[in-house]
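Engineer: give the three-dimensional model of this entry:
(chains A, B, C and D)
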Number of protein chains: 4
Amino acid sequence: MIIVMKASATKEEIDKVEHKLCELGFSTHPIFGEVKTVIGAIGDKRLLNTHSISTMPGVESLVPIMKPYKLAGRELRHVPTIVEVGDIKIGGDEVVVIAGPCAIENEEIFIETALKVKEAGAKILRGGAFKPRTSPYAFQGLEEDGLKIMAAGREATGMKIVTEVVDTRDVELVASYVDIIQIGARNMQNFRLLHEVGMTKKPVLLKRGLSATIEEWLMASEYIMAAGNPNIILCERGIRTYETATRNTIDLSAIPVVKESSHLPIIVDPSHATGTWKYVPALSKGAVATGADGLIIEVHSDPAAALCDGPQSLRPSKFAQLMKELEPVARAVGRSL
Amino acid sequence: MIIVMKASATKEEIDKVEHKLCELGFSTHPIFGEVKTVIGAIGDKRLLNTHSISTMPGVESLVPIMKPYKLAGRELRHVPTIVEVGDIKIGGDEVVVIAGPCAIENEEIFIETALKVKEAGAKILRGGAFKPRTSPYAFQGLEEDGLKIMAAGREATGMKIVTEVVDTRDVELVASYVDIIQIGARNMQNFRLLHEVGMTKKPVLLKRGLSATIEEWLMASEYIMAAGNPNIILCERGIRTYETATRNTIDLSAIPVVKESSHLPIIVDPSHATGTWKYVPALSKGAVATGADGLIIEVHSDPAAALCDGPQSLRPSKFAQLMKELEPVARAVGRSL
Amino acid sequence: MIIVMKASATKEEIDKVEHKLCELGFSTHPIFGEVKTVIGAIGDKRLLNTHSISTMPGVESLVPIMKPYKLAGRELRHVPTIVEVGDIKIGGDEVVVIAGPCAIENEEIFIETALKVKEAGAKILRGGAFKPRTSPYAFQGLEEDGLKIMAAGREATGMKIVTEVVDTRDVELVASYVDIIQIGARNMQNFRLLHEVGMTKKPVLLKRGLSATIEEWLMASEYIMAAGNPNIILCERGIRTYETATRNTIDLSAIPVVKESSHLPIIVDPSHATGTWKYVPALSKGAVATGADGLIIEVHSDPAAALCDGPQSLRPSKFAQLMKELEPVARAVGRSL
Amino acid sequence: MIIVMKASATKEEIDKVEHKLCELGFSTHPIFGEVKTVIGAIGDKRLLNTHSISTMPGVESLVPIMKPYKLAGRELRHVPTIVEVGDIKIGGDEVVVIAGPCAIENEEIFIETALKVKEAGAKILRGGAFKPRTSPYAFQGLEEDGLKIMAAGREATGMKIVTEVVDTRDVELVASYVDIIQIGARNMQNFRLLHEVGMTKKPVLLKRGLSATIEEWLMASEYIMAAGNPNIILCERGIRTYETATRNTIDLSAIPVVKESSHLPIIVDPSHATGTWKYVPALSKGAVATGADGLIIEVHSDPAAALCDGPQSLRPSKFAQLMKELEPVARAVGRSL
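Structural biologist: The predicted model follows:
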């Protein structure tokens, strides 16, 4: 950690800061520049939990040198994490595709869609039973009945299933039904919920928050890991910007940045990122070519009748077409699909 | 609602959309332009919950005409809401100041700070017992012990108290201790938590999400109101932008926009908005002059020893000075303090 | 165009707006909803240049139905534009790669780099002679001497050359030296400069502004086209967001959005978008797979000695490696390289 | 400057970086942490112009310690700058109000408006002769004829006048007519234009760019100052964010931040910041209470007939009302109006 002192800081102020740092257990290394002094402080930043150096007189700013995430970062663990869901490996050579409808509406449509996405090559089935909706008047999901339908979809197809949990009180229930628990974008900093899913050992699909930095996202995964669960799959789903042509702005640069900073696998959700099914094929290919370990794509057999996010859902036939087009892209970057 | 058809839409596609709208219960009014056709559809947008018009062939976009919030909006209720907390009125002539430390650390410091902010003119006491922290390694709050200390602060000063709740499982507990329940920025779209506090009748201090639009913020208050609780105080606390000179960018234009769109009172949190105590006095005055119904300000008797957000906390003496300076500003815009 | 009247608008206010619209030459179609009235107005939005409907009493908002760009849009022209630079076609089957150093420093290094990028497969040579730098103390470019070095690079390699112009007074000079004129991100709304390059017939590489919407970007191209020059190549180079892990956030969704809204070709600049050479290969592949018509990549034979943007420049050997890896990606999406 | 080495950097890499820094003229101070090494480098950052340390093997990042602006900053100059325009002082005790129409349309309306804003207490007259418009089909200004009308307005009222310049070729002409030259938001990083107005000695009103950081804004003023012109008035006019309820998001925190970082005066433009005249009075008061040195407000005698930005223009009567309301606010913060 580097403490930058103001140009106007007095010798006495500098001494006091250095003294306080020593007291807290840091070893200190002041450097006296022509205008400003900086103090290098070696030690664990967590020592600062009991004191706020930055409010001491003469202090201009603190510059951390180590990343705040320890378990999620590459600084202390170099090998990539491969999250195993049954015999599916996320983070390995294969690009894993998750597909299914936004919300689960009824068993018949769900299983129909499930069989089709399986046939097209998807490995994992998605579906929403608890839906976080912007309006209290919109469809909020079938809750446990939705989980039962998902389980029936697993039965019918042999696929693994993933769904979102939105309340600490439902974590146990959801974990008892599904293979992967999803934390949605709006709950990325619902720290209690992160802790709760961290107490299970189920793989967690952690979506990036609407306007989360990559560092905050990795800190959210740190919460889950610190609670004991290392099976995390990061999911880029677009960030909020001023641009209105797409629902969110997909940040594909997050892929190489995450690969460099963390050992966790990262997949991409082009459906929520763009909000428009027409843009999904192009960006699915872009995500795979950039290095994504997987995709999560909304597919609905009748988008016009979908109770949620119809406009961003592909029909099964378009999804099958996309899967065919994705295969050579995956191969072009040394992956299989 | 207006349905804009693509320039390339066929007569048949236009007819089908119109037919579907009628089927759903809308009355329709097509307008045939030189290049594009638009269809005016009169009826409750909620009729659309069972069908997605925007995915029909030939449809370019949907333009809503009515605001999505009904209970929180001014379209159906014109008189301003005044939230009463005991005999304190938020949203009336008086500018109400809430003050106190970010996190509650121990009873002695808390009561010391409480007495000082009361003396300076604050009406309500703030303090955090459950802290949403970006890092799992940072101080997470004293939980129920913190609530007890807050209650002791109320005893000692006669002030009302407000604290944040971060988990649906704690709502009942928190509601049993405090006078106002706070929903923090990171939980503004934790819809289950909104629903849960909506089931209590306690006044709710609803902070704007880190990157929430004003419309999403009013929709969050709509969740609480739809659950039965109309006692909502909105709190602007800065939004996320690209600027790094302040922790967030305070959006004081939210004040007149909220006043025009909603009947709910709005207060401002300059401490979290800026992240730096030095900027708090100027922006407190700015907020009051712009028309804020109150302020929530972090005050700590020893910021350097604060376990949370020390850098943005005012010392009690500076807070007292600020309260003196605020009084003429409030008066200049026809308010009292 | 749709005029939305306030819920509180009186019959008289509605009549006055309708009357004014008729007077301006629109045909009007009022729709009376339960709460609000809207007026459909058919006619050219430019009729409004002489009157501001939105300030009339009772008006809530105006909703445009037609896109504001006419020449750049797909509404009136359906076939894709292919910009020809000699025998190079941008916007056709081939993905065209532009490469070279950020700033031109001396002839020897420039030609050395030029020969290497040509050998690796780049078709067009980039280099900066006039540099827009954030600091007045940073290297501002060699100006006309830089143009001469570029011309020598063209001689030596047979490649086409592109450079940025930053001042209306230099347009003629720059146009006399280079094959493509670049408008940089900071000048995307320097409308006089747009007009001036529109008066030449040289192809224009139009970078997206730092925080320009896609609509504003297409309006900037409309300026150039309205001045008589239809040879425009759009260039996505990252937009400004709150994220700090990359210099800008690359917006690859701009590719399918532009392809849908406009007939103009679009290329991507992963070097400026990310600011870090390490992220360039992954995002180059991502851009091509998403459908970019080309790439513009910074290459410098000695990045550590570069006077500008060294950190984002690839060494020639890494660039050659990237070109090899790009070829199968281009092929996977039906393009050649 | 601090050079942070990667955790994986070798001793040899660290030595090479240190050696290179010494060679460039820095004195170096390495600090060996448990995981990473950092090197403190004392010397002028401009020494780096000839070498890019950050691309050397083993280097993770560079942390600047000194601000990049020298002339505009407070690090080397402590007393506030007061810009004098005739006998008007901007940056002193008085809050100076600039008012007038967005674009100049004809002499009669302009002088009528001018007389009214003068009567209400405005000191300086604004008006646009060269208009940067998003659409090439929108009214672009009367150019020199507009300047003549402005001069006539000055004659008729005795007020000072300010107008925008958008092209390097017009600087001399504009400077010959007006008292203050404005650089608009879209040209804040048109460095040639900054240099050109820096060569005149006229006061410059420098608007903040649409998405400029405060640091970039001060660097733009540094360009003007480096060219020899120290008479700069900064103008906050809203920044681009995701929020759509206002045209831009007014950043009033820029006022205390600029006051702390720079000695230059800062005024606020609530008309362009909000885009809606209804929000202008509240935010004008907010700006003055926050510490703005002045305001620039759009006033038009017939907003509905304005050729530009009618919706954000106040009628003269509303402006006069606002001036009355502003006076006690200015007084409340120790200023006069």
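Engineer: what about A:S271, which helix or strand?
Structural biologist: Using DSSP states H and E, A:S271 sits within helix A:270-274.
Engineer: and whatever helix or strand comes next after that helix, is it in reach of chain C?
Structural biologist: Using DSSP H and E, the next helix or strand after helix A:270-274 towards the C-terminus is helix A:280-290. Yes. Shown here: helix A:280-290 in contact with chain C (Cβ under 8 Å from any Cβ of the partner chain) through A:A282, A:L283, A:K285, A:G286, A:A287, A:V288, A:A289, A:T290. Placement of C-beta: from N, CA and C, glycine included.
Engineer: quick one, strands of chain A?
Structural biologist: Read by DSSP state E, chain A holds these strands, from start to end of the chain: A:2-5, A:27-32, A:37-42, A:59-63, A:83-85, A:88-90, A:96-100, A:124-126, A:160-164, A:180-183, A:204-207, A:232-236, A:266-268, A:294-298.
Engineer: for these, give me CSV that also has distance to chain D, mean pLDDT and mean neighbour count.
Structural biologist: Listed next are the strands of chain A as CSV, based on distance: least, Cβ to the nearest Cβ, whole Å; pLDDT from 0 to 100; neighbours: other Cβ atoms under 10 Å in any protein chain shown:
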stretch, distance to chain D, mean pLDDT, mean neighbour count
strand A:2-5, 6, 90, 24
strand A:27-32, 4, 90, 17
strand A:37-42, 4, 90, 24
strand A:59-63, 5, 87, 17
strand A:83-85, 25, 97, 19
strand A:88-90, 26, 98, 20
strand A:96-100, 28, 97, 27
strand A:124-126, 27, 97, 28
strand A:160-164, 23, 97, 23
strand A:180-183, 22, 98, 25
strand A:204-207, 18, 98, 26
strand A:232-236, 18, 98, 27
strand A:266-268, 21, 98, 27
strand A:294-298, 23, 97, 27
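Engineer: closest one to chain C among those?
Structural biologist: Of all those, the one in closest proximity to chain C, counting by Cβ to the nearest Cβ, is strand A:266-268 (10.1 Å).
Engineer: for that closest one, enumerate the helices and strands it packs against.
Structural biologist: In terms of contacts (3 or more Cβ pairs under 8 Å, 6 or more residues apart in numbering or on different chains; DSSP states H and E), strand A:266-268 is packed against strand A:232-236, helix A:254-261, helix A:280-290, strand A:294-298.
Engineer: let me know the angle separating the first one from helix A:280-290.
Structural biologist: When axes from the mean of the first three to the mean of the last three Cα atoms, to 10 degrees is applied, the directions of strand A:232-236 and helix A:280-290 differ by 130 degrees.
Engineer: stretch A:25-40 near chain B anywhere?
Structural biologist: No. Contact check for stretch A:25-40 against chain B, using Cβ under 8 Å from any Cβ: none in range, with a minimum separation of 15.5 Å.
Engineer: any idea how far apart the tips of that stretch sit?
Structural biologist: One end of stretch A:25-40 to the other measures 13 Å (Cα to Cα, to the nearest Å).
Engineer: give me the contacts around it.
Structural biologist: By Cβ atoms under 8 Å, 6 or more residues apart in numbering or on different chains, the surrounding residues in contact with stretch A:25-40 are A:1-7, A:9, A:14, A:17-18, A:21-22, A:41-44, A:47, A:60, D:2, D:29, D:31, D:33, D:38, D:40, D:42, D:65-66, D:75.
Engineer: still on that earlier bit, of all the strands of chain A, which one is nearest D:N106?
Structural biologist: strand A:59-63 (53.2 Å; Cβ to Cβ).
Engineer: and the closest one, what other elements does it pack with?
Structural biologist: For strand A:59-63, the packing partners by 3+ Cβ pairs under 8 Å, 6+ apart come out as strand A:2-5.
Engineer: next, see if the strand it packs on gets close to chain B.
Structural biologist: No. Strand A:2-5 lies out of reach of chain B by Cβ under 8 Å from any Cβ, never closer than 13.0 Å.
Engineer: before we move on, what about stretch A:185-199?
Structural biologist: Yes. Contact of stretch A:185-199 with chain B (Cβ under 8 Å from any Cβ) involves A:R186, A:N187, A:Q189, A:N190, A:F191, A:R192, A:H195.
Engineer: which stretches of the stretch 101-250 of chain A form helices?
Structural biologist: When assigned using DSSP state H, counting those that start in this stretch, the helices of the stretch 101-250 of chain A occupy the ranges A:107-120, A:144-157, A:171-177, A:191-199, A:214-226.
Engineer: of these, which is nearest chain C?
Structural biologist: helix A:214-226 (4.8 Å).
Engineer: flag every buried residue along the closest one.
Structural biologist: When burial is assessed from 16 or more other Cβ atoms under 10 Å in any protein chain shown, helix A:214-226 yields the following buried residues: A:214-226.
Engineer: again with stretch A:66-79
Structural biologist: Using 16+ other Cβ under 10 Å as the burial criterion, the residues of stretch A:66-79 that qualify are A:M66, A:K67, A:P68, A:Y69, A:K70, A:L71, A:A72, A:G73, A:R74, A:E75.
Engineer: wait, what's in contact with the residue of the stretch 51-200 of chain A found nearest chain C?
Structural biologist: Using Cβ to the nearest Cβ, A:K67 is the residue of the stretch 51-200 of chain A that sits closest to chain C, at 11.2 Å. Taking Cβ under 8 Å, 6+ apart as the definition of contact, the neighbours of A:K67 are A:G73, A:E75, A:E215, A:L218, A:S261.
Engineer: done for today, thanks.
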